[in-house]
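> have a look; sequence and predicted model below, questions after that.
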2 protein chains.
Amino acid sequence: MGSITGDIEAQMDYAFTVYRGTFIQSILPDSGSKPELSRNQGALWVSAADGRIKGWDWQANNDNGFAELMTRNRWVDIDAVGAQGQVNSHGSKIRVKIVIASEEQNEFFFPGFIDTHIHAPQYPNVGLFGSSTLLDWLETYTFPVESRFGSPPDPKTGHQTKTDPKDTPLLAQQIYDQVISRTLSHGTTCASYYATNHVPATNALSSLCHTRGQRAFIGRACMDNPKFCVDYYRDFSAEDSIVATRQTIEYIHTLDPEGKLVKPIVTPRFAPSCTRPALQSLGELAASYSPPLHIQTHISENVNELALVKELFPEADSYAGVYDKYNLLTPRTILAHAVHLSTDERALVRERKAKISHCPASNSALGSGICPVRTLLDEGITVGLGTDVSGGYSPSILEAARQACLASRLLGQSAAWQRDHSQDADGKGSDGREKLSVPESLYLATCGGAAVVDMSSDLGGFDMGMLWDVQLIRLGGVKLGEKSPLDGVPDGSADLVKAGPVGNVDLFGTESWEEKIQKWVWSGDDRNVKAVWVGGRLVHSRV
Amino acid sequence: MGSITGDIEAQMDYAFTVYRGTFIQSILPDSGSKPELSRNQGALWVSAADGRIKGWDWQANNDNGFAELMTRNRWVDIDAVGAQGQVNSHGSKIRVKIVIASEEQNEFFFPGFIDTHIHAPQYPNVGLFGSSTLLDWLETYTFPVESRFGSPPDPKTGHQTKTDPKDTPLLAQQIYDQVISRTLSHGTTCASYYATNHVPATNALSSLCHTRGQRAFIGRACMDNPKFCVDYYRDFSAEDSIVATRQTIEYIHTLDPEGKLVKPIVTPRFAPSCTRPALQSLGELAASYSPPLHIQTHISENVNELALVKELFPEADSYAGVYDKYNLLTPRTILAHAVHLSTDERALVRERKAKISHCPASNSALGSGICPVRTLLDEGITVGLGTDVSGGYSPSILEAARQACLASRLLGQSAAWQRDHSQDADGKGSDGREKLSVPESLYLATCGGAAVVDMSSDLGGFDMGMLWDVQLIRLGGVKLGEKSPLDGVPDGSADLVKAGPVGNVDLFGTESWEEKIQKWVWSGDDRNVKAVWVGGRLVHSRV
C-alpha cells in the first residue's frame, strides 16, 4: 500500500489513484433544506490523466470488499508490484496507486476549502490592525505594505512598463510563496486572490500558484481614483488600469491557456477606489471574453464606507447600484462582505446572480458588523467563505468557519438584526434560526465556495467527475492507557506532545463521527491537515 | 549554558535560576490609564528555595554585562561547572542555573496565563454544543458528562461515602490529567477549576494539580435544588452539599497545608442549582476560615437564566442580590460571565469588591451575548479572563484574549450597548472606546486574572518577590533566503513545516517588537509555548 509522501514523480505511470477509507462532505440533501454532513466508507478512484473522480465503491469498506474491487477492475497496486521492471509481467492489468486514510488515526477525506476572498500581499500584516476600522486600516496598514510589491508607474506616461514576474522585489515574491504555503497547509485548494496593482507582482503570484499547484483566481487590484487612493500607490488613469489589467490577463492566459488551474479575475478594488471610466471599462473588459471573466470587488463592509460611496456616487440608488450600473454585477461576480446590504440591494444581487464572500473573522476584527448570512441564504443568494487576509487575521478557512458560527450566534443580539426583525410575531427578534451549524459552515467553506467561484460542478464534494481538490484530515487516535495518572508523577506533558493526539483535538473514544467533526472544527488547525491534493496532484503533506 | 529541559532533579543544588533574554509583560503604567506592554532585556533571577523573583539587571543585556553580573554576585553556572564533583573547588561561589531565551528565535518570557473559570470535567465536550444556549446546553451536554465522574450518593443517607481519589473512574482521572496537560501546554499557570459534585473526583483533580505542579483553585460544584438539578446528578440535601464540600476542603488542606499551590474554593454552581439553605451554609462555610475561603459561581450569563433566577428567587432585587443576601459576594468571589448585569448590580459587585471572570469564547459560542468589559473596567470592577471550558470551545487563554478583542469590536453594534448608550452626545452609541486592545486583553489574561484570584502581589508580572509563574514564548526566526521562489519548484510546504517558523506566526523581519506580540496573539497557539514554570518549577516544555 502506498504512502502519500512517496516519490510521486517516479510513479506517475498509473491510471488511477484509489483513495481508501472514510469520505466526509457537507451536502444539501434537498433544495430548500439545510446542509448536512454525509459520510461514506470504502474506495473512490481518481483518473491520473485529468484528476477527476471516476467512480467509487462503498462495498469496498473492508479488506475482502477492497480485494474484490481490485480484482474486478484488474487493478494492480504499483507499490505492491515494486520495481518498474516487474510491471510488464502483469500484462493487461491496470496500474493504480493506493492512498489510505487510517481509521485508527481518525483520518478522513474532506473536500478542499475554497477561500473566496484573500489579499495575498497583505499577508505580512496578519494580526496587525490595532483598533482600526476599514478606512483608516487601509491607510495605516494596507496601502503601505501593498505599495512595496512593485514600482510606481512611469511618471511621464502613467503606465507600468514592466510585466516580467522577476521584476518583483524578492521579499514580495517570498511573501506570495509563503501565502501559498500557508493556505495550502490549512487545506485551501482554491483561492480568489487580490494582488496589488503591480503587473510583475501579479504575474509572479499567478506563476507561483501555477507552479505550486494551487487553484487560483488572480486579480490585479484596480484603483485609479485620486479622491480616495493615495498618490504613492494608485493607477494614474482609468486607461492605465485597463492596460495593466490586460497585461496580467494575457500573462495568465499564456501560462495556463485552458485555465485548468489559474484564471484571471477582473478586480476593481472597491467603488471608492475607482473612477467611473475605470468601472465602466472593467465591466466591458470582463464581458469581452467568452465566457465572461470572473469579477471580484468589495461591497457594504462598513458604515463609514457606505457614507463614502454615497458621497462619491450621488447619482446611484445604492452601493450595489453603482456596480450594477457598470455591468459589474454578474453571475461570476464575487462581492466580499455584504454586511449592511439593504433589502433592495439584496434583491438586486439575487437578480443578477452575483455571489457573496462572507468574511466573518475580518468583519469582527475590524468591527465592521455581523453579516446576516441566514437572511442571504433564505433569499436565495449564494454565499461562500473568505479569510479576507489581512482584514482577517488568519489564512485558515477553518477559522473562518468557526467565526461564521460564532458571529451568527451573536447576530440575534445586534441592533441591526433586531431592527430588521422587530415585526416578528413574538417581538423577540430571534428564534435562533440565524445560527449557522457546523455542517452549514463547512458547506459554505466547500460547496458554497465552489458556487461562488462558479465551479459547482467541479469542486466542493465527491460527485462523479468532480476534480480531486481534497484534504486528508487526521484527528489522531485515542490514547488512554490502563494506568491511573494518580499512580505516579507524569513526565510533564511530554507524552501528550510526542505520542498523543495530533494538534489540539482530543478524543476520548466516546465520540460519534459527527462529534469528531465538531471537535475538528472547534479545536482543529493545520496540524490536522495531513495531505492536500489539487486536481489529483499532491500539493501539501505533513508527516 | 543550561538547557531548560536538562535533568532538573540532578541539578537542584543551586541557589537561583537566572533567566536571560527578553521579558515582556502587560502593566498599568498609572492608575486610571490603560494597560501597556513593557519590555526589558537582560537577566532576572529566581530563588530555587521559594520560586520567587529576587532581582534583575537590565544592564546585563549583552555578554559583557552578563559576565559582570555573574562575577559581581560570585555566581557560577552549574552547567558550565560540569560534574558534581568539581563544584566544591569553587569554594564560596554560589551555584546558579541559567535559562536563555533566544533572540534569534524571537523568544521571550511572559507571565503565565490565569484561567479564572474552567470546568475540568467538561473537557471531553470541548467543541460539542450544537446550537444550544445555556439552559438546554446544561441538560443536553453538560450534566450527562459530569455525572460520570463518580457514583450518586448513598440512596439511604443521601451522603457520599467515599473520599479517596482512587475511587474516581479511570476515564475521569485521565480526563482530569489531560485538562492539566492541555492548559499547561497553552501557558495556563493558574486555573480556577470547577469539578463535579463527587468528592473522590474533586480530590483527584486536586491531587493531580498538586503533582503536576499547576497552581489551582479546586471547587466541588454544589447543586442541591431539585427544581433545577436533574435527579441523576445532584446533591440530595443542603447538608450533603456542605458535608461533601468540607471533605474536599479537608483533603486539599492536608495535601497542601500552606496552600502553596492548590487551594479550595467554595462553589455554589449557580443560584438556580442551589436551595436557599445551601447558599446560606456555603456563605457561612467560606467565612468560617481565616482568611475566608475563595468563592466562585456564575452570574447573569443568559437572558433565560435571568428569568429563571427571578422566578426561583422572587424575594431578591436582582441576581447579584441573591448572592449578596447569602454573603457570597466577597472580595474573594469570582463571578463568571456577568454579561447582562444592571447598573445597580454592577454597583453592588463593585461595593463588595467581588471579581468578574470574562469568558468571551463561551459567551459567543452559546450566544449568551457580549459582556460590556469596558463598562466594568470604567466602573472600577476587577476583570480577568476565563476559558469556561466547555461552554468555551478552547482550553487556551490566548484564544480567550483573542475572543475578548473580537467581541469588544462587535459590542458597539449590539442592541444592549446601543440602548445603554443612547443618551450619548453624538447619538451614535459607540466611539470605539469599548474596544479592547491586545495589551489590554493580555493584561486581563495575566494581571487581571491575578487580581481576580486575589493574588495580585504574587502573580501576573515580573515584580520583586512575585512567583515565577511564567511561560517562555517562541515565535521562531525569520527564514527568508536569497533565492527567488520563481527559480524552481519548491518542495511543497516541506520547508515551511520542517525548517520554518514555529506554529503559524510568520515573521518577515520588518516587525517591531510590539507587532510581534500582536502576531503572537492573533496567530499563536500552543506550539509557541516552549516552556512553562509554576513557582519556579518547570511544568511543561516542548522541544
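Nice, I can see it.
> what residues are up against A:V266?
Neighbour list for A:V266: A:219, A:222, A:245, A:282, A:285-286, A:293-296 [criterion: CB atoms under 8 Å, 6 or more residues apart in numbering or on different chains]. Yep, even glycine has a C-beta here, placed from its N, CA and C like the rest.
> and of those residues, the nearest to chain B?
Nearest to chain B, judged by CB to the nearest CB, of these is A:G219 at 19.6 Å.
> hey, what's that closest one bridged with?
In this entry, A:G219 is beta-bridged to A:Y194, by DSSP bridges.
> hmm, it is touching A:R269, no?
No - using CB atoms under 8 Å, A:G219 is not in contact with A:R269; the gap is 9.2 Å.
> now the common contact residues for these two.
Joint contacts of A:G219 and A:R269 (CB under 8 Å, 6+ apart) are A:Y194.
> picking that back up, so which of the contacts of A:V266 are in helices?
Using DSSP state H, the subset of the contacts of A:V266 located in helices is A:245, A:282, A:285-286.
> is the one residue in the stretch 201-350 of chain A that gets nearest to chain B in a helix, a strand, or coil?
Using CB to the nearest CB, A:T211 is the residue of the stretch 201-350 of chain A that sits closest to chain B, at 5.7 Å. Following DSSP: H, G, I helix; E, B strand; the rest coil, the label given to A:T211 is helix.
> if we can go back for a sec, by neighbour count, which of the ones in helices among the contacts of A:V266 wins?
Neighbour counts for the ones in helices among the contacts of A:V266 peak at A:T245, which has 28 neighbours (criterion: other CB atoms under 10 Å in any protein chain shown).
> for it, which non-adjacent residue is spatially closest?
Excluding the flanking residues, the one nearest A:T245 by CB to CB, 6 or more residues apart in numbering or on different chains is A:R220, at 5.2 Å.
> ditto for A:L480
In this structure, A:L480 finds its nearest non-sequential neighbour in B:Q174, 5.2 Å apart by CB to CB, 6+ apart.
> next: A:K166.
Nearest one to A:K166, counting by CB to CB, 6+ apart, is B:L486 at 6.2 Å.
> so what's that neighbour up against?
A:165-166, A:173, A:204, A:207-208, A:211.
> same deal with A:P331?
Here A:P331 is in contact with A:352-355, A:454 (criterion: CB under 8 Å, 6+ apart).
> can you report phi and psi for it?
Backbone torsions for A:P331, taken as degrees, to the nearest 10, come to phi -70, psi -10.
> ok, the residue nearest to A:T245 touching A:A244?
Yes - contact criterion CB under 8 Å: A:R220 and A:A244 qualify, at 6.3 Å.
> what is in contact with the two at once?
With CB under 8 Å, 6+ apart as the test, A:R220 and A:A244 both reach A:197, A:199.
> which one of those two is surrounded by more residues?
A:R220 (32 against 21).
> how close does that one sit to A:F110?
According to CB to CB, to the nearest Å, A:R220 and A:F110 sit 32 Å apart.
> check A:P226 too.
Taken as CB to CB, the span from A:P226 to A:F110 is 47 Å.
> more crowded one of the two?
Using other CB under 10 Å as the criterion, A:P226 and A:F110 rank with A:F110 on top: 25 against 13.
> bridge partners for the closest residue to A:D77 other than its chain neighbours, pull those for me.
Nearest non-adjacent residue to A:D77, counting by CB to CB, 6+ apart: A:I98, 5.2 Å away. On the basis of DSSP bridges, A:I98 is bridged to A:V18.
> can you count the residues close to A:I98?
By the measure other CB under 10 Å, the count of residues near A:I98 is 22.
> likewise the one 10 residues further on?
Around A:F108 sit 25 other residues, with neighbours defined as other CB under 10 Å.
> run through who's touching whichever strand or helix holds it.
Using DSSP states H and E, A:F108 sits in strand A:107-111. Strand A:107-111 is contacted from outside by A:19, A:21-25, A:39, A:44, A:101, A:187, A:446-447, A:459-462, A:469-475, A:530, using CB under 8 Å, 6+ apart.
> of these, buried ones?
A:19, A:21-25, A:44, A:101, A:187, A:446-447, A:459-462, A:469-475, A:530 (16 or more other CB atoms under 10 Å in any protein chain shown).
> can you pull out the helices in the stretch 251-400 of chain A?
All helices of the stretch 251-400 of chain A, identified by DSSP state H, counting those that start in this stretch, fall at A:276-287, A:303-312, A:319-325, A:343-352, A:360-365, A:373-378, A:397-411.
> in chain A, what spans have low per-residue confidence?
In the predicted model, chain A carries pLDDT under 70 at residues A:1-12, A:81-91, A:158, A:423-429, A:489-501.
> can you list the domains in it?
A:1-112+A:460-543, A:113-452 (automatic domain parsing).
> C-alpha coordinates for stretch A:243-257, CSV please?
What follows is stretch A:243-257, C-alpha atoms only, in CSV (Å, rounded to 0.1, in the frame of the first residue of the first chain):
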residue,chain,number,x,y,z
VAL,A,243,-3.9,48.3,-19.9
ALA,A,244,-2.2,46.9,-16.9
THR,A,245,-5.1,44.5,-16.2
ARG,A,246,-5.0,43.2,-19.7
GLN,A,247,-1.3,42.5,-19.3
THR,A,248,-2.0,40.3,-16.3
ILE,A,249,-4.9,38.6,-18.1
GLU,A,250,-2.6,37.9,-21.1
TYR,A,251,0.1,36.6,-18.9
ILE,A,252,-2.2,34.1,-17.1
HIS,A,253,-3.8,33.0,-20.4
THR,A,254,-0.3,32.2,-21.7
LEU,A,255,0.7,30.5,-18.5
ASP,A,256,-2.4,28.3,-18.4
PRO,A,257,-4.2,28.5,-21.8
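> give the contact list for the closest residue to A:V452 other than its chain neighbours.
Once flanking residues are discounted, A:V452 sits nearest to A:G384: 3.6 Å by CB to CB, 6+ apart. By CB under 8 Å, 6+ apart, A:G384 lies in contact with A:114, A:116, A:334, A:355-358, A:444-445, A:448-453.
> which one of the residues you listed sits closest to B:P372?
For the contacts of A:G384, the minimum distance to B:P372 (CB to CB) is 26.4 Å, reached by A:H358.
> contacting residues around that closest one?
For A:H358, the contact set (CB under 8 Å, 6+ apart) comprises A:337-338, A:371, A:373, A:376, A:383-386, A:400, A:404, A:444.
> ok, which pair from the residues you listed is furthest apart?
A:L376 and A:A400 (15.6 Å).
> more crowded one of these two?
Between A:L376 and A:A400, counted using other CB under 10 Å, the more crowded position is A:A400 (33 against 19).
> surely that one is in contact with A:A361?
Yes - counting by CB under 8 Å, A:A400 touches A:A361, with 5.7 Å between them.
> list residues touching both of those two?
Common neighbours of A:A400 and A:A361 (criterion: CB under 8 Å, 6+ apart): A:387, A:392, A:394.
> in CSV, list those residues along with neighbour count and distance to chain B.
Shown next, in CSV, are the shared contacts of A:A400 and A:A361 (neighbours: other CB atoms under 10 Å in any protein chain shown; distance: CB to the nearest CB, whole Å):
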residue, neighbour count, distance to chain B
A:T387, 32, 12
A:G392, 29, 10
A:S394, 26, 7
